[in-house]
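Engineer: I would like to see how this sequence folds:
(one chain, ligands or ions: 1)
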Amino acid sequence: MKFLVINGPNLNLLGLREPHIYGKQDFAALQGFILEAAQEAGVEVELFQHNHEGAIVDKIQAAYSVFDGIVINPAAYTHTSVAILDALKAVALPAVEVHLSDVSKRESFRQISYAGMACVKTYMGLGFEGYRQAIFFLRDYIEGAKA
Ligand code: DQA
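Structural biologist: From the prediction side, this is the model:
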């Protein structure tokens, strides 16, 4: 089973970026955490981070028939991007949304998630752990769908 893990804009600045919200660990630490979680779950992962909306749309399109599922933290594009929502719906791969912070307790402009409308589950406010839970959930979800 092979998953694509997508991280959106500014997540490459983890550690530097608002550490009181996103934590002190950097993006390399997050990537290492995700790779370890994937190994633990017995799935393959490809990691992709980009700051540009179109690049994320291109990557989702290219995922069709290559990956079994997608874990996505669209970052700020969560709250603005109908294009990412449409791309997820187009490829129709099972997808899980992750946010490091608990967006439900933050500003009103963060209360809508377009990408989330195409996802089977959302993890928020768990920091890195959200990615681990997303990977395990997606694995079990896909296994269940096959049975
Ligand atoms: C985020 C939450 C978003 O609102 C924000 O724009 C981000 C990160 C999170 O992981 O908590 O960039 O997706």
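
Engineer: Specify the local secondary structure of the spatially most central residue of the chain.
Structural biologist: Residue closest to the average C-alpha location in the chain (CA atoms, centre = their mean): residue 72, at 1.7 Å. Following DSSP: H, G, I helix; E, B strand; the rest coil, the label given to residue 72 is strand.

Engineer: That one and residue 4: what is the separation?
Structural biologist: For residue 72, the distance to residue 4 (CB to CB, to the nearest Å) stands at 8 Å. The way it works is simple: take the backbone N, C-alpha and C, and place the C-beta from them, glycine included.

Engineer: Repeat that for residue 134.
Structural biologist: Counting by CB to CB - residue 134 and residue 4 are separated by 12 Å.

Engineer: higher neighbour count, the two?
Structural biologist: residue 134 (28 against 23; other CB atoms under 10 Å).

Engineer: Surely that one is in a helix?
Structural biologist: Yes: per three-state DSSP, residue 134 lies within a helix segment.

Engineer: so which helix or strand takes in the residue lying closest to it once chain neighbours are set aside?
Structural biologist: Among residues not flanking residue 134 along the chain, residue 96 sits closest, at 4.2 Å (CB to CB, 6 or more residues apart in numbering). Secondary structure assigned from DSSP states H and E places residue 96 in strand 95-99.

Engineer: so does that strand get close to the ligand?
Structural biologist: Yes: interface with the ligand: strand 95-99 contributes residue 99 (CB under 6 Å from any ligand atom).

Engineer: near the ligand, which residues of this structure?
Structural biologist: Counting by CB under 6 Å from any ligand atom, the chain sits next to the ligand at 10, 73, 75, 76, 78, 99, 100, 101, 103, 110.

Engineer: Show me those that map onto helices.
Structural biologist: Among the residues of the chain next to the ligand, DSSP state H puts none in helices.

Engineer: The closest residue in space to the residue nearest to the centre of the chain that isn't next to it in sequence: how many residues sit nearby?
Structural biologist: Closest residue to residue 72 apart from its sequence neighbours, by CB to CB, 6+ apart: residue 6 at 4.4 Å. As a burial measure, residue 6 scores 27 neighbours (other CB under 10 Å).
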